[in-house]
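A.B. asks: sequence first, then the predicted structure, then my questions.
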Amino acid sequence: MRVLITGVCGFAGSAVAEALLESLEGVEVAGIDNLSRPGSETNRARLRRLGVEFVHGDVRLASDWEALPAADWVIDAAANPSVLAGLGPGASARQLFEGNLGALGHVLDYCRGYGAGLLLLSSSRVYSIRALSAIALAVRDGAFVPRDEELSRHGIGVDFPVTPPVSLYGATKLASETLAIESGEAFGFPVWVTRCGTLAGAGQFGTANQGIFAFWINSHLRRRPLRYTGFDGTGHQTRDALHPRDLARLLTAQMRSGRQDGQRVYTAGGGTANARSLAQLTRWCDARFGPHAPVADPHPRPYDVPWIAMDNRDAARDFGWRVETPVEALLDEIAAHAGEHPEWLETSGA
């Protein structure tokens, strides 16, 4: 089996590539990346040592797709991953649309031409900001927790509202899901969509807008300024953490599935058991590295929501999939990497 990964030198793409090569006998992995994200260059040599066929190219350019080898499956991991993409001075909404939505047209043409299946990595941020913000929450052990028992136990599933606003970024991901599924139906290639929770692990590029677990741990260790932004400056905002190794096992199960109909969109994250707030993460860092207090900044940011954790029951039912990397092991891994790479924040462009 041959797999093509777009955005292969990003954190998700490179980690999934490595996991597939470790777990699938006989798999061949090729990938394309334009190396525009700070830090992505660091993954190119590692991937080549693993045997990944790397193509330096831009998925937004149709001509760059002509250099790519045929594949049985495409894992689309190339996107601007920040919910704040397209906002702020100097930001370009056009670049967001070109990278997250326009480039998908080339992916779909490739799949149609080679008869390749598509595994589209989507996002928890396709969900309605108003609906997420309206969840009734309590505070337990320094973290927001839904008062609704079903949400508190299981998290958010595919049926949660996607009514706008979802952010410019979320809109591109939601539109990508629809285009991908429609193209698969029209041209006869399989499509699986996975709405991922917060991906995290060693080697993740961390900034305040994305890669928050890596950013927080690296910044705490280096005594860089940290802020609890919004939500009264408490740090109670909470996300679940999913290791790409676990995501790769779900993608493998989807590739092996011969099912041609039925549900095509799934949610996958660390789940409520792997959910941590910034305040809890600070407490963990304090115990490991010594005290370092964030500054409270109660002013909200656009599109911020207080709590997200993904419901994995559909993936468990249909693919026998479950999260195997507990959040404590994931944090230990990030911390060990941070200790070995004192330059990581600069490498990440933070």
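C.D. replies: Looks like it arrived, so ask away.

A.B. asks: rest of the way, CA atoms for contacts and neighbours
C.D. replies: OK.

A.B. asks: quick check: buried residues in stretch 60-79?
C.D. replies: For stretch 60-79, the neighbour count (16 or more other Cα atoms under 10 Å) marks 60, 65, 68, 70-79 as buried.

A.B. asks: among these, which lie within helices?
C.D. replies: Counting by DSSP state H, the members of the buried residues of stretch 60-79 that fall within helices are W65.

A.B. asks: make a markdown table out of the buried residues of stretch 60-79 and add pLDDT.
C.D. replies: Formatted as a markdown table, those follow (pLDDT from 0 to 100):
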| residue | pLDDT |
| --- | --- |
| R60 | 95 |
| W65 | 96 |
| L68 | 96 |
| A70 | 98 |
| A71 | 98 |
| D72 | 98 |
| W73 | 98 |
| V74 | 98 |
| I75 | 98 |
| D76 | 98 |
| A77 | 96 |
| A78 | 94 |
| A79 | 83 |
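
A.B. asks: how far away from the center of its chain is stretch 45-63?
C.D. replies: What separates the centre of stretch 45-63 from the centre of its chain is 20 Å, taken as Cα atoms, centre = their mean, to the nearest Å.

A.B. asks: and that stretch, end to end?
C.D. replies: Terminal residues of stretch 45-63 are spaced 24 Å apart (Cα to Cα, to the nearest Å).

A.B. asks: list the buried residues of that stretch.
C.D. replies: Buried residues in stretch 45-63 (16+ other Cα under 10 Å): 47, 52-55, 57-60.

A.B. asks: next one, pLDDT for the residue lying closest to L221 once chain neighbours are set aside please.
C.D. replies: Spatial nearest neighbour of L221, chain neighbours left out: F289 (6.1 Å); criterion: Cα to Cα, 6 or more residues apart in numbering. Per-residue pLDDT puts F289 at 98.

A.B. asks: run a quick neighbour tally on F289.
C.D. replies: Neighbours of F289 under the rule other Cα atoms under 10 Å: 15.

A.B. asks: against V52, how distant is it?
C.D. replies: According to Cα to Cα, F289 and V52 sit 36 Å apart.

A.B. asks: A268 too?
C.D. replies: With Cα to Cα as the criterion, A268 and V52 are 26 Å apart.

A.B. asks: what's the answer for L24, then?
C.D. replies: 14 Å.

A.B. asks: same deal with T252?
C.D. replies: For T252, the distance to V52 equals 17 Å [Cα to Cα].

A.B. asks: equivalent analysis for S133, please.
C.D. replies: Applying Cα to Cα to S133 and V52 gives a distance of 42 Å.

A.B. asks: ok, F187 next?
C.D. replies: Per Cα to Cα, F187 is found 29 Å from V52.

A.B. asks: got it, and D240?
C.D. replies: Distance of D240 to V52, computed by Cα to Cα: 30 Å.

A.B. asks: repeat for A138
C.D. replies: Counting by Cα to Cα - A138 and V52 are separated by 46 Å.
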